[in-house]
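Enquirer: Here's a sequence, model it:
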Amino acid sequence: MDTVLVTGAFGLVGSATVRRLAADGRPVVATDLDTPANRKAAADLPVAVQVRYADLTDAAAVDDLVSTVKPAAIIHLAAVIPPFIYMHRELARKVNVEATGHLLAAAAHQPEPSRFVQASSIAVYGSRNPHTVSGVLTADTPTNPADVYGDHKVQAELLVRGSGLDWVILRLGGVMTVDPGSYMKLDNLYLEQLLPADGRLQTVDVRDVASAFAAATIAPVVGETLLIGGDDSHRQIQRDVAPAMAAALGLVNGLPAGLPGNPDDNEDWFNTDWMDSSRAQEALGFQHHSWPDMLVETAARAGVTRFLLRAVAPLARVVLQLRAPYYRTDNKFADPWRAIGDKWSDPRP
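Expert: Purely as a prediction, here's the structure:
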């Protein structure tokens with residue numbers, strides 16, 4: 001069976017994708033930066049998975065990697081994402097755009113060019129005011145990135161489409177996991193709090209995302225751009241998502257309420273909306289985990305920790321309120337891009 005090369009293999013989506021491919025019995029090579037954390041993560045991978053460390057911003061290293069592995073397909077997941085991208089713009093461009101070009105060139109030079117499956121994002125569509133937009137996102141919705149991350153994804157998509165390779169682009173919604181530890185990061189909670197509470201968001205289980213990427217390497221979807229979101233139970237309002245997951249962990253009423261978005265200003269919204277994933281589901285058959293099922297599983301995985309977190313939930317709410325992005329401001333509405341700039345750096349393209 002033909003080998004699949006997965007970049008960004010030790011990130012949230014990358015590790016799930018590697019495990020999905022291995023479980024399907026497919027030869028897979030995982031690549032990422034050579035760091036102590038990644039070496040530790042590599043030790044937990046299925047034994048059949050090969051690991052090759054490489055810096056994708058180094059064109060020569062990429063050529064060597066691809067010519068050695070000779071992959072039938074490349075799943076390109078490596079990226080610098082929010083909020084870290086806002087602080088490291090120069091590095092982010094090298095990873096998100098230039099490294100994509102290196103991989104495409106290396107793949108095209110192979111005797112049998114690889115199918116290229118590109119990880120993109122609904123961030124390409126920019127700010128989405130649910131009070132003024134109609135319908136849901138589709139592959140034909142015009143792109144209009146509002147931040148540097150969405151802009152990088154648009155640039156990478158253009159490189160992929162112009163590569164001459166067989167390509168597939170998957171634009172991801174709000175990727176979630178049932179692993180409790182993934183949510184206990186203050187920067188993640190801060191980012192959640194600054195978003196408009198009434199924004200629309202379509203989540204998706206990371207395991208379903210992994211299934212979509214694995215299927216895209218062999219399904220008859222060459223030349224398609226597909227939107228990857230969960231089933232209809234994943235169509236949510238921003239203010240409901242984090243509190244529901246926190247409650248599943250035991251932090252019942254542990255998160256303070258955020259501010260709504262300004263219905264009269266289309267710019268002061270975030271890169272989220274509901275999406276039409278029907279074509280992706282038809283072609284890839286990836287939707288297996290509903291939102292209610294994710295909450296049940298999250299609670300089960302949390303185990304006895306839920307009781308401890310429930311006890312500290314009132315204190316957690318006070319602490320998070322004191323460090324909330326709009327605390328002690330007279331804001332009536334959320335102002336996410338300004339709040340991101342104040343906390344990290346100017347997010348605009």
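Enquirer: give the contact list for residue 338.
Expert: Listed by CB atoms under 8 Å, 6 or more residues apart in numbering, the contact set of residue 338 is empty. No exception for glycine: its C-beta is placed from N, CA and C like everyone else's.
Enquirer: Just after the helix-or-strand element of the chain with minimal mean pLDDT, pick out the following helix or strand.
Expert: Within the chain, no helix or strand scores below helix 186-194, which has a mean of 82 by mean pLDDT, DSSP states H and E. Per DSSP states H and E, helix 186-194 leads on to strand 200-205 as the next helix or strand towards the C-terminus.
Enquirer: other SSEs contacting the helix or strand just after that following strand?
Expert: Per DSSP H and E, the first helix or strand lying C-terminal to strand 200-205 is helix 206-216. Contacts defined by 3 or more CB pairs under 8 Å, 6 or more residues apart in numbering; DSSP states H and E place helix 206-216 against helix 12-23, strand 73-76, strand 115-121, strand 167-172, strand 174-176, strand 224-228, helix 278-284.
Enquirer: Residue 8 against residue 80, yeah?
Expert: No. Counting by CB atoms under 8 Å, residue 80 is not a contact partner of residue 8; they are 9.9 Å apart.
Enquirer: the more surrounded of these two?
Expert: residue 8 (26 against 20; other CB atoms under 10 Å).
Enquirer: quick one: pLDDT of that one?
Expert: pLDDT for residue 8: 97.
Enquirer: contacting residues for it?
Expert: 14, 32, 76, 77, 78, 79, 119.
Enquirer: again with residue 76
Expert: Per CB under 8 Å, 6+ apart, neighbours of residue 76: 7, 8, 100, 103, 116, 117, 118, 119.
Enquirer: part of a helix, is the fourth one?
Expert: In this case it means residue 103. Yes. Under DSSP: H, G, I helix; E, B strand; the rest coil, residue 103 falls within a helix.
Enquirer: For it, give me its contacts.
Expert: Residue 103 touches 7, 56, 62, 66, 74, 76, 116, counting by CB under 8 Å, 6+ apart.
Enquirer: again with the third one
Expert: Residue 100 makes contacts with 76, 118, 156, 159, 160, as judged by CB under 8 Å, 6+ apart.
Enquirer: Give me the buried entries from those.
Expert: Buried by 16 or more other CB atoms under 10 Å: 76, 118, 156, 159, 160, out of these.
Enquirer: okay, now residue 204: neighbour count?
Expert: 26.
Enquirer: Surely it is in contact with residue 170?
Expert: No. The criterion here is CB under 8 Å, and residue 204 misses it with residue 170 at 10.7 Å.
Enquirer: for the chain, which spans come out with low pLDDT?
Expert: Within the chain, the ranges that satisfy pLDDT under 70 run 1, 180-186.
Enquirer: What segments of it are helices?
Expert: 12-23, 36-42, 59-69, 84-87, 89-93, 99-108, 148-161, 186-194, 206-216, 238-249, 278-284, 291-302, 305-322, 336-343 (DSSP state H).
Enquirer: Need the winner for burial among the ones you listed.
Expert: The highest mean neighbour count among the helices of the chain, using mean count of other CB atoms under 10 Å, belongs to helix 206-216: a mean of 25.
Enquirer: and it with strand 115-121, angle?
Expert: 150 degrees (axes from the mean of the first three to the mean of the last three CA atoms, to 10 degrees).
Enquirer: export helix 206-216 as PDB, just CAs?
Expert: Taking Å, rounded to 0.1, in the frame of the first residue of the first chain, the C-alpha atoms of helix 206-216 are listed here in PDB:
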ATOM      1  CA  VAL A 206     -10.600  16.100  15.800                       C
ATOM      2  CA  ARG A 207     -11.000  12.400  15.200                       C
ATOM      3  CA  ASP A 208     -13.600  13.200  12.400                       C
ATOM      4  CA  VAL A 209     -11.100  15.700  11.000                       C
ATOM      5  CA  ALA A 210      -8.500  12.900  10.900                       C
ATOM      6  CA  SER A 211     -10.900  10.600   9.100                       C
ATOM      7  CA  ALA A 212     -11.500  13.300   6.500                       C
ATOM      8  CA  PHE A 213      -7.800  13.800   5.800                       C
ATOM      9  CA  ALA A 214      -7.200  10.100   5.600                       C
ATOM     10  CA  ALA A 215     -10.100   9.700   3.200                       C
ATOM     11  CA  ALA A 216      -9.000  12.700   1.100                       C
END
